[in-house]
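> please find the sequence and the predicted model below.
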Amino acid sequence: MLRSFAVVGAALALTLTLAGAPARAQDADLAEPAATPKATQLCPDPNPLTKQADPGHYFATQTSGDKSPNQCNSCADPANNATTSCAVYNVLRKCGITKTNRCVEKTSPFSKYNIYVGSYLRYALAQITPQTTSCHFVVFAVDPVIGVEDVQHRGEQNFWDHAFYASQKIISPPVDPQLLGLAINPATKRGQHQLHIHIGKLKPGYRTALEKLPRDNDFHPVKANGKSYSGIYLPDDFGPIPGLSPFELVAKRYGEKNMPLEGLIVARSKDGKGIYVLAGLNVTTELELDYSGTCTFPTP
């Protein structure tokens, strides 16, 4: 089914070995940041901005691109909203979120955006740089959601499913499922403080590495394009979408404390019978996708 990567079985929680977060045996250096107490810290609970309970929410103490001063708060925080890291969030607000529509935003500080807003499903598809990289598409949350580490809000919508749907039904030409890669950057490497998933094609080397993963519902070391990951294959009857999402899958395996450091890549298996999820500590996964080619977008 195009609307979902997989038909989910409840038995996933029984078959996965989720207890006891092991270090990444394939690269001890990459495991080190998670073991450093100052790499991530626990956010206040309740959240000081929303006054809502916020247990288990960690933030990265150092970020290379996200300039939001209050990492535990969303772009609804005025101090965060005033930074360039909430620029896309503000562009989406200008486009309108009361109905499904298309718009063009020409005053972005980065580039012209083509945007499709699906208000019912609370996501937006953006063509970030149509003049230069027309096949780089990104799915954004419409409501305030910080990113991979936002434990209370990252699961409010199935953003991975929305990204897959967009890659097949909105983007033209559709991205070949055998080439498709979906990626979210860790908090340490992202530029925007609003949850977003990049849509592109897997770079050379990834498909070979993915297909070598054991099909045993557990995480294993993966090396691809010079990067180190922990990867898992899940057959469609036990896949994480729309049940246990890639966010929750990785969080249950390696702990919420690691989530601000986790970059994720999701891809279909070559035989079309399952999906792969890769998790890499401090990997800028956006850069691990290929956006070459010429793509078009629905006209506003």
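Nice, thanks for sending it over.

> can you give me the strands in the chain?
Ranges of strands within the chain are 40-42, 58-60, 101-105, 113-118, 123-129, 133-141, 180-184, 196-202, 220-224, 227-235, 262-268, 274-281, 289-290, based on DSSP state E.

> so for the closest residue to residue 141 other than its chain neighbours, what's the pLDDT?
The shortest distance from residue 141 to any non-neighbouring residue, by C-beta to C-beta, 6 or more residues apart in numbering, is to residue 195 (4.2 Å). For every residue, glycine as well, the C-beta is placed using N, CA and C. As predicted, residue 195 sits at a pLDDT of 97.

> correct me if wrong: residue 58 contacts residue 260.
Yes - counting by C-beta atoms under 8 Å, residue 260 is a contact partner of residue 58 at 5.6 Å.

> mutual contacts of the two, please.
40, 149 (C-beta atoms under 8 Å, 6 or more residues apart in numbering).

> return the set of buried residues in stretch 45-54.
Going by neighbour count (16 or more other C-beta atoms under 10 Å), the buried part of stretch 45-54 is 47, 49, 54.

> quick one on the thing from earlier: so which of the strands of the chain gets nearest residue 95?
strand 101-105 (4.2 Å; C-beta to C-beta).

> average pLDDT across the closest one?
Mean predicted confidence for strand 101-105 is 68.

> over to stretch 140-155?
For stretch 140-155, the per-residue pLDDT averages 95.

> start and end of that stretch, how far apart?
Stretch 140-155 has an end-to-end distance of 13 Å (criterion: C-alpha to C-alpha, to the nearest Å).

> okay, buried residues for that stretch please.
Buried, per 16+ other C-beta under 10 Å, within stretch 140-155: 140-154.

> tell me where the model's unsure across this structure.
1-37, 96-101, 104-113, 119, 237-244, 299-300 (pLDDT under 70).

> what segments of it are helices?
Taking DSSP state H, the helices of the chain run over residues 12-15, 28-35, 78-81, 87-95, 159-169, 206-211, 246-254.

> quick check: beta-bridge partners of the nearest residue to residue 290 once chain neighbours are set aside?
Spatial nearest neighbour of residue 290, excluding adjacent residues (C-beta to C-beta, 6+ apart): residue 201 at 4.4 Å. Assessed by DSSP bridges, residue 201 has beta-bridge partners residue 180, residue 290.

> residue 156 contacts residue 146, doesn't it?
No - look at residue 156 against residue 146 with C-beta under 8 Å: they stay out of range, at 11.9 Å.

> CSV for the strands of the chain, including distance to residue 247?
Converted to CSV, these look like this (distance: least, C-beta to C-beta, whole Å):
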stretch, distance to residue 247
strand 40-42, 16
strand 58-60, 13
strand 101-105, 28
strand 113-118, 20
strand 123-129, 15
strand 133-141, 12
strand 180-184, 9
strand 196-202, 11
strand 220-224, 18
strand 227-235, 13
strand 262-268, 8
strand 274-281, 10
strand 289-290, 19
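
> closest to residue 75 out of the ones you listed?
strand 133-141 (9.9 Å).

> the closest one pairs with which strands, parallel or anti?
strand 123-129 (antiparallel), strand 196-202 (antiparallel).

> still on that earlier bit, and residue 58 and residue 260? which has more neighbours close in?
For residue 58 versus residue 260, neighbours defined as other C-beta atoms under 10 Å are more numerous around residue 260 (29 against 22).

> roughly how far apart are that one and residue 145?
14 Å (C-beta to C-beta, to the nearest Å).

> same question, residue 41
In terms of C-beta to C-beta, residue 41 sits 20 Å off from residue 145.

> which one of the buried residues of stretch 140-155 is nearest to residue 264?
Of those, the one sitting nearest to residue 264 (C-beta to C-beta) turns out to be residue 148, at 6.6 Å.

> tell me the one of the buried residues of stretch 140-155 nearest residue 295?
Nearest to residue 295 among the buried residues of stretch 140-155, with distances taken as C-beta to C-beta, is residue 140, at 17.5 Å.

> contacts only, for that closest one.
88, 89, 92, 123, 124, 125, 126, 194, 195, 196.

> of all those residues, which two lie farthest apart?
89 and 125 (14.9 Å).

> what sits against the residue nearest to residue 141?
Residue 195 touches 140, 141, 145, 146, 147, 148, 150, 153, 154, 159, 184, counting by C-beta under 8 Å, 6+ apart.

> can you tell me how far it sits from residue 269?
25 Å.

> burial count for residue 67?
Residues near residue 67, counting by other C-beta under 10 Å: 15.
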